[in-house]
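In: Build me a structure from this.
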Amino acid sequence: MTLPFTRMLSGPLDYTPGIFDITWFPEQSPEDPHGADNDGTRVHTTRAHQIALYPVLLSGVQMLADVPENYRGAPEFEFLRAVPATWDDTRVVDGAVGDYISVARRSGEQWFVGTLTDERARTVEVPLDFLGAGSYVARFYTDSPETDLEDNPDAVAVTSERVDATTTVRARMTSGSGHAMWIVPAGGSERRNP
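Out: This next block holds a predicted model:
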């Protein structure tokens, strides 16, 4: 949880977020004893953390780090499809070095907000006072009630609600997790609403 506070101080960084198959690691085949060894190595975050990395970490060349099959049919993939690689505005909402961070980035009229925690479960208050006047629709990509870093890190809940500049979102995260929001102005026929 130090990269946003260290490597990004001088500009964009090269990072590969977006792993959806969190618990994958190669298995040794009995037919191929010299193949990959299953040493238990895995991504040690939740899928919600992987999603929230996109607005938190600044990378001029954003990418998807997993294989296409792992995104197929996942409702939360819409967030990764929508998140841009360049931004018009950035706001650091809150953070503590090594513990957690919450960053909001704007592209046009859309805001993308990512909140990350370290190995501690926590709730972070995310005031949306950076929004302009009017009503917005926020799509949330969060831990499901059954999300657990060790036993069920892939579970993500996708919900929506109306918000405005007076709204404060309580980003609840299990250990090693994250909370992402995609916020667009309410209404308007030409907008891609969440």
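
In: I figured residue 144 hits residue 156, correct?
Out: Yes - A contact is recorded between residue 144 and residue 156 when judged using CB atoms under 8 Å, the distance being 6.2 Å. Quick note: C-beta positions are derived from backbone N, CA and C, even for glycine.

In: More neighbours: which of the two?
Out: Each of residue 144 and residue 156 has its neighbours counted (other CB atoms under 10 Å); residue 156 has more, 24 against 16.

In: quick one, what contacts residue 177?
Out: By CB atoms under 8 Å, 6 or more residues apart in numbering, residue 177 lies in contact with 45, 46, 48, 49, 116, 117, 121, 143, 147, 149.

In: Quick check, pLDDT for the first one.
Out: Here, the pLDDT recorded for residue 45 equals 92.

In: ok, now how distant is it from residue 175?
Out: Counting by CB to CB, to the nearest Å, the gap from residue 45 to residue 175 is 9 Å.

In: Now do the shared contacts for those two.
Out: Taking CB under 8 Å, 6+ apart as the criterion, residue 45 and residue 175 both touch residue 149.

In: Comparing the two, which residue is more hemmed in?
Out: residue 45 (22 against 19).

In: Just confirm that one contacts residue 176, I think it does.
Out: Yes - A contact is recorded between residue 45 and residue 176 when judged using CB under 8 Å, the distance being 4.8 Å.

In: Residues that sit against both of these two, list them.
Out: The overlap between the contact sets of residue 45 and residue 176 (CB under 8 Å, 6+ apart) consists of 149, 153.

In: So which residue is smack in the middle of the chain?
Out: Nearest to the centroid of the C-alpha atoms of the chain, with distances taken as CA atoms, centre = their mean, sits residue 52, at 1.3 Å.

In: ok, now which ones touch that one?
Out: Listed by CB under 8 Å, 6+ apart, the contact partners of residue 52 are 114, 115, 116, 141, 178, 179, 180.

In: Thanks again, I'm all set now.
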